[in-house]
Structure formats: C-alpha cells, structure tokens
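S.K.: Sequence and computational prediction follow.
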Amino acid sequence: MRSSLGLFPLRNRHSGAIEDAELFVPIDGTNLADFEQHWKPMVLDRLRQLPRGTTTTDAQLQDWHWDWRKKADRFADRLDYRSFAVECAGRTQGLMICSLVHRVREPSMLNQHLVYIEFLHSAPWNRWQFTDTPLYKGVGDLLVAAAVSLSIEEEFEGRIGLHSLPQSDDWYRDYCGMTDLGVDSAYENLRYFEMTAQQAANFGRKNPKGVAS
C-alpha cells in the first residue's frame with residue numbers, strides 16, 4: 001500500500017518559487033509510467049545528440065541504463081528494502097531504493113547497521129550537464145534526507161552508505177559531507193561513501209526544511 005510521508009519544499013529554478021513536493025513510499029505504477037514515458041525518452045534523445053567524444057559522465061548520464069520497472073519489481077516484496085518517490089507538479093522528480101541489511105565500514109562505528117542506498121535517481125530535467133536550465137533543486141537532498149530518516153527510524157542513528165557513480169562523487173563528498181572510503185575494487189571500482197551519525201546531524205542542520213539554497 002502506497003503512503004505519503006508528507007509535503008516538502010523544492011525550489012523551482014525557473015521561477016525562483018518554492019513548490020510542495022510529496023514523498024511517497026513505495027514506488028508505484030504511476031512513478032514507473034513517468035520513468036518510461038518522460039524520463040527514458042528524454043535520456044535516449046540526449047544520448048543521440050551527444051557530440052563525439054562526450055562521455056556519459058560529462059552528460060550526467062552514467063545511470064542512463066537503469067530500468068526502474070525491473071528494479072521496483074525485484075525489490076517490491078522484500079521486507080529488507082524500501083523504495084521512495086518524489087512527486088512535484090504532477091510528475092515524478094526522483095526515485096530511490098534502500099537496503100536495511102548492510103553494515104558500517106567506517107572504523108569508528110565498524111559493523112554497526114546502516115541504511116544502504118542501492119539506487120538514487122533524479123529526473124533528467126533536474127540535472128546540470130544534462131540541461132543548461134535544470135528545473136528543480138533539492139530532489140537529491142530530499143532523498144538523502146529520507147534515507148537518513150529511515151536510518152533513524154530503524155535505530156541506526158542516521159547512518160547511511162552508498163556506492164557513487166563518478167558523476168556524483170563530489171556531491172556526496174562536498175555537499176552531503178559523507179566520508180569517502182575510497183574506490184571499491186569489489187564493486188565496479190566505484191567510490192564508497194558513508195555518513196556517520198554526526199554527519200547525518202550536520203546534514204540535517206544544513207538544510208532543516210529540505211530546501212536547497
């Protein structure tokens with residue numbers, strides 16, 4: 001059964017206005033239809049237009065191949081996973097799937113439980129490099145905040161972890177304030193990041209209402 005976790009503000013970069021976004025759990029058919037009918041065609045069109053030599057990292061498209069219907073179906077009935085969707089202005093703006101079975105690698109809290117972000121995806125029209133005029137600012141912030149809230153709810157004290165695509169390394173390290181634990185050779189050579197309980201508290205203080213400045 002899908003339920004709303006509340007309304008949260010997002011900044012419309014085009015108008016400068018703050019708009020209400022709704023956070024839902026779990027991802028449902030409406031979100032998957034948005035992905036297939038709006039996200040995917042835009043991404044495929046952008047890929048066709050890329051100048052020769054442009055990488056998917058340059059275009060913020062390293063996750064272009066993710067199939068959210070398959071991911072949602074795979075994790076739908078599992079009690080150790082949670083999925084989230086951000087909706088604003090009648091359209092899905094972001095999607096996330098989290099796991100509850102991973103353990104901390106950071107030495108100060110080694111082997112404690114954390115919430116692991118398996119996949120986090122903002123709509124293509126919200127991304128710099130994909131477009132010169134991204135629409136909403138704060139979708140990623142809201143989804144990371146949702147993962148932290150889930151961690152607190154599960155009594156993991158706000159601890160979260162994830163493997164980052166290279167296009168997002170700086171954002172997780174510099175904006176979210178997560179600990180960079182280096183390249184993980186066992187996981188596609190992606191960088192692994194964790195957020196400690198203290199870093200989670202800092203993240204919450206930085207943006208208490210969920211609005212990216």
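M.R.: Received, thanks. Numbering: from 1, shown residues only.

S.K.: Please, where are all the strands along this structure?
M.R.: Ranges of strands within the chain are 3-12, 18-25, 81-88, 91-103, 113-122, 136-137, 160-164, 179-184, 190-195, based on DSSP state E.

S.K.: Now tabulate those strands in TSV and tack on mean pLDDT, distance to V144 and mean neighbour count.
M.R.: Every residue, glycine included, has its C-beta placed from N, CA and C. Compiled in TSV, these are given as follows (pLDDT from 0 to 100; distance: least, Cβ to Cβ, whole Å; neighbours: other Cβ atoms under 10 Å):
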stretch	mean pLDDT	distance to V144	mean neighbour count
strand 3-12	96	12	15
strand 18-25	97	12	17
strand 81-88	98	11	22
strand 91-103	98	9	21
strand 113-122	97	8	22
strand 136-137	97	14	20
strand 160-164	98	7	23
strand 179-184	98	14	14
strand 190-195	98	8	22
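
S.K.: Reformat the ones you listed as a markdown table; add distance to Q129.
M.R.: What follows is the strands of the chain, written out as a markdown table (distance: least, Cβ to Cβ, whole Å):
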| stretch | distance to Q129 |
| --- | --- |
| strand 3-12 | 19 |
| strand 18-25 | 22 |
| strand 81-88 | 20 |
| strand 91-103 | 17 |
| strand 113-122 | 12 |
| strand 136-137 | 14 |
| strand 160-164 | 16 |
| strand 179-184 | 21 |
| strand 190-195 | 18 |
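
S.K.: what's the closest of the ones you listed to D34?
M.R.: Nearest to D34, of all the strands of the chain, is strand 91-103, at 3.8 Å by Cβ to Cβ.
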